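>>> Coordinates only, no sequence provided:
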């Protein structure tokens with residue numbers, strides 16, 4: 001049940017973000033929509049690594065025996081953390097470029113910036 005809810009939520013977040021990227025002309029709203037799409041991928045990665053009744057993959061206790069005790073997938077957790085870091089850096093760089101673009105051209109409209117020459 002929780003898998004279906006999370007997968008549906010992930011797809012819904014991605015579609016909302018994609019709609020924002022396609023329909024908005026404001027560059028900041030486009031970047032925020034891309035951030036929403038990234039959040040959908042984080043939710044998907046964490047959902048794929050989930051196992052019902054499993055514990056964290058930390059093997060310092062004697063009661064957790066590898067192969068016998070159910071643990072969640074640590075690869076998906078590592079991928080999610082890595083993608084969060086990459087996503088934050090990418091969004092920060094994009095926002096910095098948009099600030100420079102807006103201060104130089106005095107607009108955040110993607111259509112106007114696309115039509116500029118020279």
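The structure has been received and is ready for your questions. Source: prediction; values computed, not measured.

>>> Look up how far residue 51 lies from residue 15.
As judged by Cβ to Cβ, to the nearest Å, residue 15 and residue 51 stand 27 Å apart. Any C-beta I mention is one placed from the backbone N, CA and C, and that applies to glycine too.

>>> can you check residue 75 too?
On the measure of Cβ to Cβ, residue 75 and residue 51 end up 13 Å apart.

>>> List the residues that contact residue 50.
Contact analysis of residue 50 by Cβ atoms under 8 Å, 6 or more residues apart in numbering lists 2-3, 6, 72-73.

>>> got the residues you listed as CSV, with neighbour count and pLDDT columns?
Formatted as CSV, the contacts of residue 50 follow (neighbours: other Cβ atoms under 10 Å; pLDDT from 0 to 100):
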residue, neighbour count, pLDDT
2, 9, 84
3, 12, 88
6, 16, 94
72, 16, 82
73, 16, 83
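
>>> nearest residue to residue 48 other than its sequence neighbours?
residue 76 (5.4 Å; Cβ to Cβ, 6 or more residues apart in numbering).

>>> Just the element for residue 94, please.
helix 74-105 (DSSP states H and E).

>>> other SSEs contacting that helix?
When contacts are defined as 3 or more Cβ pairs under 8 Å, 6 or more residues apart in numbering; DSSP states H and E, helix 74-105 sits against helix 27-48, helix 110-114.

>>> quick one: buried residues of that helix?
By neighbour count with 16 or more other Cβ atoms under 10 Å, helix 74-105 contains the buried residues 76-77, 79-80, 87, 94, 98.

>>> Skipping its backbone neighbours, what lies nearest the most centrally placed residue in the chain in space?
Central residue of the chain (Cα atoms, centre = their mean): residue 38, 2.0 Å from the mean position. In space, and not counting its chain neighbours, residue 38 is closest to residue 87: 4.2 Å by Cβ to Cβ, 6+ apart.
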